[in-house]
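Asker: Kindly return the folded structure for what I paste below:
(2 chains, ligands or ions: 2)
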Amino acid sequence: MLKTFSIGGVHPPENKISAGSQIVVLPLPKQVSIPIAQHIGAPANAVVTKGDKVKVGQLIAQSNGFVSANIHSSVSGTVASIDPVMDSTGYKRPAITITVEGDEWDETIDRSTDLKEECNLTAEEIIAKVGQAGIVGMGGATFPSQVKLSVPKGKKAEVLIINGVECEPYLTSDHRVMLEKGHELMIGIQILKKALRVDTALIGIENNKPDAISHLSQVATKYSGIEVHALKVQYPQGGEKQLIKALINREVPSGALPIEVGAVVHNVGTAVAVYEAVQKSKPLFERVVTVTGKHLATPSNFLVRIGTPISEVIAAAGGVPENTGKIVNGGPMMGKALSSIDSPVTKGTSGLIAFPAEEAKRKVAQACVRCGKCVSVCPMGLEPYLLNRLSQKKMFERMEHEHVLDCIECGSCSFECPANLPLLDYIRLGKAEVGKIVRARKA
Amino acid sequence: MNKLLAVSPSPHVHSGESVNKLMFNVVLALLPALAVSIYYFGLGAFVVTAIAVVSCLAFEFLIQKYLLKVTPSISDGSALVTGLLLAFNLPSNLPWWIIVIGALVAIGIGKMSFGGLGNNPFNPALVGRVFLLISFPVQMTSWPLPIESRAHYMDALTGATPLALVKEGLKGGQTMSAISEHIPNNMQLLMGSMGGSLGEIAAIALLIGFAWLLFKKVITWHIPVSIFVTIFAFTGILWLIDPAHNADPFFHLLTGGVMLGAIFMATDYVTSPMNPKGMWIFGIGIGALTVIIRVWGAYPEGVSFAILIMNAFVPLINTLVKPKRFGEEVKKNG
Ligand code: SF4
Ligand code: SF4
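Answerer: Ligands and ions are numbered 1, 2, ... in the order given. Reported below is the predicted structural model:
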């Protein structure tokens, strides 16, 4: 029996159409718009002004607080404006727009493709470099990575967990990274282990990627203390708490972080970014983006500079298909629907999926038949039908009591509900209200 | 780009599961038992089922359209299931007008008076059945003989159910070994050759339906299995203590609607608990009450009453018994 997590879970159709497409470097766009808020935490402070000349990899906005991230230019050229631009969330937020001129990289970046194995930096130096490079969680969570590497006083990291699960249907960017950047990944993992002062790293990969599992298992033999684990396909296994449960059978308590059970989780893309930052002095300014959809001409995996308009990325995969009704940034279970494809690719853009019109609309909701399916699929052991009802009645205190803050917004409940109830919509609303109440109480 | 994109919150995909599909699978799961019933009770089984189904659908439609003035939802399949289950709980010679009253009570009082599907605390078909049992005790306890009554409806030859024979015999001072000469053996019971409600007799067919429901993930195993285990253990202990005055546990499992009740009536979504822990409590309650009613109560069989009583506790169970939350498990130092 393959390992997996124990409570709940669903298995949506995988639709990994682009799994066989090698990563292709997307041609440079004419212009990029780089939002100063593309991570969880405080927006960065712009340190360039209109008219400034910038190079690839140059710092253009500085981290603004403990939970924040540096932002670097992804192109060389001239700063055209620093104005609000519609980002992928549909809101206008400040972004640094740069007109591309040539492709001149910052001199400190090592552009060679040679592997650099040795790393003689101390843990503190590694963490500082990760912070300088503006690395955030690349699985889509976009939490600043150096924060996760800074283990709080009194806690001890025992194991590093590397998330190669990619449990969202359609997405294949992590899969391609594991296949094509296996060595970089391993060195990145060794560096992360050093920063965390742990001896063991476990890579969790779902069983629907046998090529990645065998490739990495083979590469891992050259490194000490890295184990590759095949996991049963089960959504949402890429959730930190679910992955920790699946790999080391520990449950992170309600409201606590993984470090509570001695674990730190990083995505495979993040580990590769750490390799590039620490060994090659290359900040995070490009990432692999899956562009896919059942009707897309050439579903692809592109290496894209941050700030590239989403429209150009989709154009490179054959353009938006005629009957498209919805475009999702991220996976179909947790991603966000885009109101416009003019918004830019950010550090958290793992994929872009074009859904045909007939799949874009939700089905009509019926009355809850109390079948309990939402309860049985909830990976956090919550009662979505109840939370949904309480949220509609605005009974927020009761919701808090029913652990709504544990909800990871995985969408399994809405996915499964035979009455087509938009359970997560209401749970999310209620969760936000409860969050406000809890914060007000603490203040 | 000038096309309008749909913007809705995640998730953007759905399992494709629907209430209709679930109800349709329940209907499919009931078909083997219906086939066995028509084999044993022939015309009567067919007529009673047809009348129950048609009247349940009609009442649902009429009440929703003219009384509640809402769009009728008979297409969701739940009234069809209620009609079938009501018929399964009736003798196959029941006069048509009593069936119609039963359907009216099931749909009108059991379901619609509480606000329709999803809001009714009691299983509608059982509400109809118990109402008829109390109002028309004679007609509701005359049971056509299997096979012999195949060509008849209301004029069928009748006899008693095995459970009633056992109850009467024990009351009259007989021992089990004397009684057992007059009742079918366990193999016959498994195949359904006995008097009884038209859908309750064929244990094997009902178990095939159970397998289908599990396979299609319509229900989970918890409620039926907890009922079976409880009844088997409880009656087994009584039988071990005094085999002369207690029927054996297999007999109890195979008679009096235990299979029908446990697999199809107690698992009704609306009126059963929402998580496995609650389901176990619910099932143990039904099993224990069934045995208590059968052994010490006035009625020879007790499943219907047991389910209705436990239905009443479901809101309480749902409030008090919570699913296993993630993070509850004590940290393992592995
Ligand atoms: S899955 Fe939908 S219909 Fe079933 S209990 Fe949950 S909310 Fe109700
Ligand atoms: S979205 Fe929240 S409530 Fe729904 S299944 Fe996921 S964790 Fe449970």
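Asker: Can you pull out the low-pLDDT segments for the stretch 1-150 of chain A?
Answerer: Along the stretch 1-150 of chain A, no part satisfies pLDDT under 70.
Asker: just the strands in it please.
Answerer: Assigned by DSSP state E, counting those that start in this stretch, the stretch 1-150 of chain A shows strands spanning A:23-25, A:31-35, A:45-46, A:53-54, A:59-62, A:71-72, A:77-86, A:92-100.
Asker: CA atoms only: put the second one into PDB for me.
Answerer: Coordinates of the C-alpha atoms in strand A:31-35 are reproduced here as PDB (Å, rounded to 0.1, in the frame of the first residue of the first chain):
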ATOM      1  CA  GLN A  31       7.200  45.000 -21.800                       C
ATOM      2  CA  VAL A  32       6.800  43.500 -18.300                       C
ATOM      3  CA  SER A  33       4.700  44.700 -15.300                       C
ATOM      4  CA  ILE A  34       6.100  43.400 -12.100                       C
ATOM      5  CA  PRO A  35       3.800  43.800  -9.100                       C
END
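Asker: any idea of the angle it forms with strand A:77-86?
Answerer: 60 degrees (axes from the mean of the first three to the mean of the last three C-alpha atoms, to 10 degrees).
Asker: Other residues contacting strand A:31-35?
Answerer: A:60-61, A:71, A:73-75, A:80, A:85, A:87, A:93-100, A:305-309, A:344, A:346 (C-beta atoms under 8 Å, 6 or more residues apart in numbering or on different chains). (Glycine included, C-beta is placed from N, CA and C.)
Asker: repeat that with 7 Å
Answerer: The contact list for strand A:31-35 (C-beta atoms under 7 Å, 6 or more residues apart in numbering or on different chains) reads A:60, A:71, A:74-75, A:85, A:87, A:93, A:95-100, A:305-308, A:344, A:346.
Asker: pLDDT value on whatever residue of the stretch 151-300 of chain A ends up closest to ligand 1, please?
Answerer: Of the stretch 151-300 of chain A, the residue with the smallest distance to ligand 1, taken as C-beta to the nearest ligand atom, is residue A:235 at 16.1 Å. At residue A:235, the pLDDT value in this model is 93.
Asker: Nearest residue to it in space, please, no chain neighbours.
Answerer: residue A:167 (4.7 Å; C-beta to C-beta, 6 or more residues apart in numbering or on different chains).
Asker: I figured that neighbour was touching residue A:205, is that so?
Answerer: No: using C-beta atoms under 7 Å, residue A:167 makes no contact with residue A:205, being 10.4 Å away.
Asker: Those two: which is more packed in?
Answerer: residue A:167 (29 against 25; other C-beta atoms under 10 Å in any protein chain shown).
Asker: Skipping its backbone neighbours, what lies nearest the closest residue to ligand 1 within the stretch 1-150 of chain A in space?
Answerer: Nearest residue of the stretch 1-150 of chain A to ligand 1 (C-beta to the nearest ligand atom) works out as residue A:10 at 11.5 Å. If the residues on either side of it in the chain are set aside, residue A:10 comes closest to residue A:412, at 4.7 Å by C-beta to C-beta, 6+ apart.
Asker: same question, residue B:33
Answerer: residue B:205 (4.2 Å).
Asker: just residue B:84 next, same as before
Answerer: Nearest to residue B:84 is residue B:30, by C-beta to C-beta, 6+ apart, at 5.3 Å.
Asker: Which other helices and strands does the host helix or strand of that neighbour contact?
Answerer: Assessed by DSSP states H and E, residue B:30 sits inside helix B:19-62. Packing partners of helix B:19-62 (3 or more C-beta pairs under 7 Å, 6 or more residues apart in numbering or on different chains; DSSP states H and E): helix B:78-88, helix B:96-104, helix B:203-215.
Asker: Let me have those in JSON lines, extended by mean pLDDT, distance to residue A:35 and mean neighbour count.
Answerer: Shown next, in JSON lines, are the helices and strands packed on helix B:19-62 (pLDDT from 0 to 100; distance: least, C-beta to C-beta, whole Å; neighbours: other C-beta atoms under 10 Å in any protein chain shown):
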{"stretch": "helix B:78-88", "mean pLDDT": "95", "distance to residue A:35": "50", "mean neighbour count": "27"}
{"stretch": "helix B:96-104", "mean pLDDT": "96", "distance to residue A:35": "63", "mean neighbour count": "20"}
{"stretch": "helix B:203-215", "mean pLDDT": "95", "distance to residue A:35": "50", "mean neighbour count": "19"}
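Asker: wait, which of those is closest to residue B:178?
Answerer: Among these, helix B:203-215 comes nearest to residue B:178, with 24.6 Å by C-beta to C-beta.
Asker: residues in contact with that closest one?
Answerer: With C-beta under 7 Å, 6+ apart, helix B:203-215 has contacts from B:25, B:28-30, B:32-33, B:35-36, B:189-192, B:219, B:221, B:224, B:254, B:259-260, B:263.
Asker: Could you tell me how far it lies from the centre of the chain?
Answerer: 13 Å (C-alpha atoms, centre = their mean, to the nearest Å).
Asker: Please save the CA atoms from it in CSV.
Answerer: What follows is helix B:203-215, C-alpha atoms only, in CSV (Å, rounded to 0.1, in the frame of the first residue of the first chain):
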residue,chain,number,x,y,z
ALA,B,203,-32.2,-11.1,2.2
ILE,B,204,-29.9,-12.2,-0.7
ALA,B,205,-31.4,-9.7,-3.1
LEU,B,206,-31.2,-6.9,-0.6
LEU,B,207,-27.6,-7.7,0.0
ILE,B,208,-26.9,-7.5,-3.7
GLY,B,209,-28.5,-4.1,-3.6
PHE,B,210,-26.2,-3.2,-0.6
ALA,B,211,-23.2,-4.2,-2.6
TRP,B,212,-24.3,-2.0,-5.5
LEU,B,213,-24.8,1.0,-3.1
LEU,B,214,-21.3,0.5,-1.7
PHE,B,215,-19.8,0.0,-5.1
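Asker: Per the annotation, how does the chain divide into domains?
Answerer: Unless you meant another one, I'm taking chain A. A:123-280, A:373-442 (automatic domain parsing).
Asker: not what I meant, chain B
Answerer: Looking at automatic domain parsing, the domains of chain B come to B:19-139, B:159-320.
Asker: pLDDT weak spots in chain B?
Answerer: B:1-3, B:329-334.
Asker: residues touching residue 106, list them.
Answerer: The chain I'm using is chain A. Residue A:106 neighbours (C-beta under 7 Å, 6+ apart): A:55, A:56, A:57, A:58.
Asker: wrong chain, I was asking about chain B
Answerer: So residue B:106 contacts B:56, B:82, B:86, B:124, B:125, B:127, B:128 (C-beta under 7 Å, 6+ apart).
Asker: which residues sit in contact with the third one?
Answerer: Taking C-beta under 7 Å, 6+ apart as the definition of contact, the neighbours of residue B:86 are B:52, B:56, B:102, B:103, B:106, B:125, B:128, B:129.
Asker: Whichever residue of chain A sits closest to chain B: how many residues sit nearby?
Answerer: Shortest chain A-to-chain B distance, computed as C-beta to the nearest C-beta: residue-wise this is residue A:411, at 3.3 Å. The number of residues packed near residue A:411 is 27, by other C-beta under 10 Å.
Asker: Fine, thanks again, bye for now.
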